[in-house]
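Asker: Okay, here's the prediction I keep looking at, along with the sequence it came from:
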Amino acid sequence: MTVYTASTTAPVNIATLKYWGKRDANLNLPTNSSISVTLAQDDLRTLTSAATSESFEKDTLWLNGKEESLTNKRTQDCLQDLRGLRNQLESQDASLPKMSQWRLHIVSENNFPTAAGLASSAAGFAALVVAVAKLYKLPQDMSELSRIARKGSGSACRSLFGGYVAWEMGEAEDGLDSMAVQVLPQEAWPEMKAAILVVSDVKKDTPSTQGMQLTVATSDLFKERITSIVPKRFVEMKEAIENRDFPRFAEMTMKDSNSFHATCLDSYPPIFYINDTSKKVIRLVHSINAFFNETIVAYTFDAGPNAVLYYLEKNEEKLFAFLYKLLHQVKGWEPKYNKEQLNGFINTFENQYKDKIEFFIDPELYQGITRIILTRVGPGPQNSEECLIDQSTGLPK
Ligand SMILES: Nc1ncnc2c1ncn2[C@@H]1O[C@H](COP(=O)(O)OP(=O)(O)OP(=O)(O)O)[C@@H](O)[C@H]1O
Ligand SMILES: C[C@@](O)(CCOP(=O)(O)OP(=O)(O)O)CC(=O)O
């Protein structure tokens, strides 16, 4: 039996201008354009291998070692589009193996908790689409493939690119113009770093899809958000990124996170994604920025309580003087930073800042946080030499 395989990695992306609301739930067409930063894959990535063979009996997915059904509509929509494109190639060249007719085996591993508000679905669907496109040797570019990933999960379309990415909402009813484009490659603004404060890695209460449908149907504030606030912010945030203007970018990121969570609260019945720990982080970030009289750090929250803090490398010492002081008990600092560097953060805090602080610092903050993930802006999907599928059996290794 001949088994064809292809593998790829894909990154997580965290929106700085949030996608919240669908105008077409079937095609995952959004009510607003959005912007995100793609994160480095050392800490957060999906590795997916796809295989096909005439002898496979059914489409199967093994996710983190467990067999899962591939029959859910979103995945089938992605696979149907990919098979359609492969079919076009096969009809132009009769010598090609008829992969479009064969079943697929997909094996995928996330190197971080799945379904914990860490955007696993974004990396997961991006990797799935890219792996199968590679297997099928499709000529489509990343923006074209992003339209397919979008059908798996809206935010997944942004994980097809590295750096700073926009998802243009588009207007067409069939969604052909609703896709991701790169605003700026990672190399153009490599100083962007991210600290993820994992507040809870349990599965969230209200899934994004359900949450946004409720917001669209019931929130009055939401109408204002999509008609006047976000369209303006989309243009301004792209500009801030192109100009590498961190304070502007940071302010809009925080405002947009707050605006999105306000529409959640304005939904009826209300949806609560952020919790008391998240609110303490919000206060802390504003206090730190006020202390330095400069916006050096921004927070943003997705559909859960985890905080993602964006900051520039040059301000790390200033920020970590506070963060490490408050969260040194939390795991995730080592091995990224050695003892000497970590002591340095404490010394900066004790010697330079401690006596000047006029705001309340909650010494118990660490209790609400399970770990910190220290990462930065990163590239898009990468070819992987590692294959998770045994070429002789077509099954997971
Ligand atoms: N590697 C993967 N390959 C294929 N599908 C995946 C993969 N990882 C996650 N998924 C799909 O995404 C689902 C999790 O999505 P969900 O939106 O609940 O969580 P999340 O993406 O971690 O959180 P959020 O979207 O709020 O950031 C999984 O149940 C699975 O169906
Ligand atoms: C708050 C968000 O993270 C919402 C992400 O929603 P999803 O992309 O997970 O939703 P579906 O399209 O229904 O799969 C904001 C964002 O990533 O832009």
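Answerer: Received it, and whenever you're ready, just let me know what you need. Ligands and ions are numbered 1, 2, ... in the order given.
Asker: Tell me who's in contact with Ala194.
Answerer: The contact partners of Ala194, by CB atoms under 8 Å, 6 or more residues apart in numbering, come to 14, 37, 39, 308-311, 374-377. Placement of C-beta: from N, CA and C, glycine included.
Asker: roughly how far apart are Ile241 and Met192?
Answerer: Distance from Ile241 to Met192, counting by CB to CB, to the nearest Å: 9 Å.
Asker: how about the residues of the protein near ligand 1?
Answerer: When proximity is defined by CB under 6 Å from any ligand atom, the chain lies next to ligand 1 at 46, 63, 108, 110, 114-121, 124, 127-128, 207-208, 302-304.
Asker: sorry, back to before: tell me which of the contacts of Ala194 fall in strands.
Answerer: Taking DSSP state E, the ones among those that sit in strands are 14, 37, 308-311, 374-376.
Asker: More neighbours: which of Ile241 and Met192?
Answerer: Remark: of Ile241 and Met192, Ile241 carries more neighbours, 25 against 22, as counted by other CB atoms under 10 Å.
Asker: did I read that right, that one in a helix?
Answerer: Yes - the secondary structure assignment for Ile241 places it in a helix, going by DSSP: H, G, I helix; E, B strand; the rest coil.
Asker: Can you name the residues that contact it?
Answerer: Ile241 is in contact with 35, 164, 183-184, 189, 249, counting by CB under 8 Å, 6+ apart.
Asker: before we move on, back to that, which one of the ones in strands among the contacts of Ala194 sits in the busiest neighbourhood?
Answerer: Within these, Val37 tops the neighbour count with 30 neighbours, counted by other CB under 10 Å.
Asker: Spatially, which residue comes closest to it, not counting chain neighbours?
Answerer: If the residues on either side of it in the chain are set aside, Val37 comes closest to Val377, at 5.5 Å by CB to CB, 6 or more residues apart in numbering.
Asker: Quick check: the one you found touching Thr38?
Answerer: Yes - between Val377 and Thr38 there is a contact at 6.5 Å, judged by CB atoms under 8 Å.
Asker: Between the two, point out the one with more neighbours.
Answerer: For Val377 and Thr38, the more surrounded residue by other CB under 10 Å is Thr38, and the numbers stand at 29 against 25.
Asker: who touches Asp266 in this structure?
Answerer: Contacts of Asp266 (CB under 8 Å, 6+ apart): 215, 218-222.
Asker: quick one, phi/psi of the closest residue to ligand 1 within the stretch 151-300 of the chain?
Answerer: Per CB to the nearest ligand atom, the residue of the stretch 151-300 of the chain with the smallest distance to ligand 1 is Ser208, at 5.2 Å. Phi and psi for Ser208, reported as degrees, to the nearest 10, are phi -50, psi -50.
Asker: could you list every residue that touches it?
Answerer: For Ser208, the contacting residues are 302-303, taking CB under 8 Å, 6+ apart as the criterion.
Asker: What does the pLDDT read for the residue in the stretch 251-397 of the chain that ligand 2 sits nearest to?
Answerer: Nearest to ligand 2, among the residues of the stretch 251-397 of the chain, is Asp302, at 3.7 Å (CB to the nearest ligand atom). Taken from the predicted model, the pLDDT recorded for Asp302 is 95.
Asker: quick check, it in a helix?
Answerer: No - with three-state DSSP as the criterion, Asp302 is coil rather than part of a helix.
Asker: May I have the predicted confidence score for Val202?
Answerer: 64.
Asker: Name the residues contacting each of Val377 and Thr38.
Answerer: Contact with both Val377 and Thr38 is made by residues 162-164, 186, according to CB under 8 Å, 6+ apart.
Asker: that older thread, which among the contacts of Asp266 end up buried?
Answerer: 215, 219, 222 (16 or more other CB atoms under 10 Å).
Asker: Now go through those and say which are in helices.
Answerer: For those, the ones inside helices are 215, 222, with DSSP state H as the criterion.
Asker: my read: Phe56 touches Ile106, true?
Answerer: No - the pair Phe56 and Ile106 does not pass the contact test of CB under 8 Å, sitting 10.9 Å apart.
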